[in-house]
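[1] A structural model of the following input is requested.
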Amino acid sequence: MEATDTISVRLNGKDRMVDAGHTVASLLESLELHPGMVVVELNREILERDHYQDADVSEGDTIELVHFVGGG
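    Predicted coordinates:
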């Protein structure tokens, strides 16, 4: 993978260019999101957290990220 390779995905309803070769886990890391605080829906399927490392992000994917927010 070259550093200039990018792909287009739809992330939380907006088109976005991201580096090619990401898994869901590495994408979350690049977005500075903790995997334990996010639910990921990839192409209309909710992923289990233990599958984030195995799920590749591909051209045209639709990704929804739902963040947990603590409060009291």
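[2] and the contacts of stretch 39-49?
    Residues outside stretch 39-49 that contact it (Cβ atoms under 8 Å, 6 or more residues apart in numbering): 24, 28, 35-36, 52, 55, 57, 61-66, 68. All C-beta spots, glycine's among them, are computed from the backbone N, C-alpha and C.
[3] which ones among these lie within helices?
    Within these, residues falling in helices by DSSP state H are 24, 28.
[4] any low-confidence regions in this protein?
    For the chain, the stretches with pLDDT under 70 are 1-4, 71-72.
[5] if we use 50, what do you get?
    Along the chain, the parts satisfying pLDDT under 50 run over 1.
[6] top of the contacts of stretch 39-49 by number of neighbours, please.
    residue 24 (23 neighbours; other Cβ atoms under 10 Å).
[7] that one contacts residue 52, doesn't it?
    Yes - contact criterion Cβ atoms under 8 Å: residue 24 and residue 52 qualify, at 4.3 Å.
[8] which SS class is residue 59?
    The three-state assignment at residue 59 reads coil, by DSSP: H, G, I helix; E, B strand; the rest coil.
[9] in TSV, list the contacts of stretch 39-49 along with distance to residue 17.
    Formatted as TSV, the contacts of stretch 39-49 follow (distance: Cβ to Cβ, whole Å):
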residue	distance to residue 17
24	17
28	17
35	22
36	27
52	21
55	19
57	12
61	12
62	15
63	13
64	18
65	17
66	22
68	27
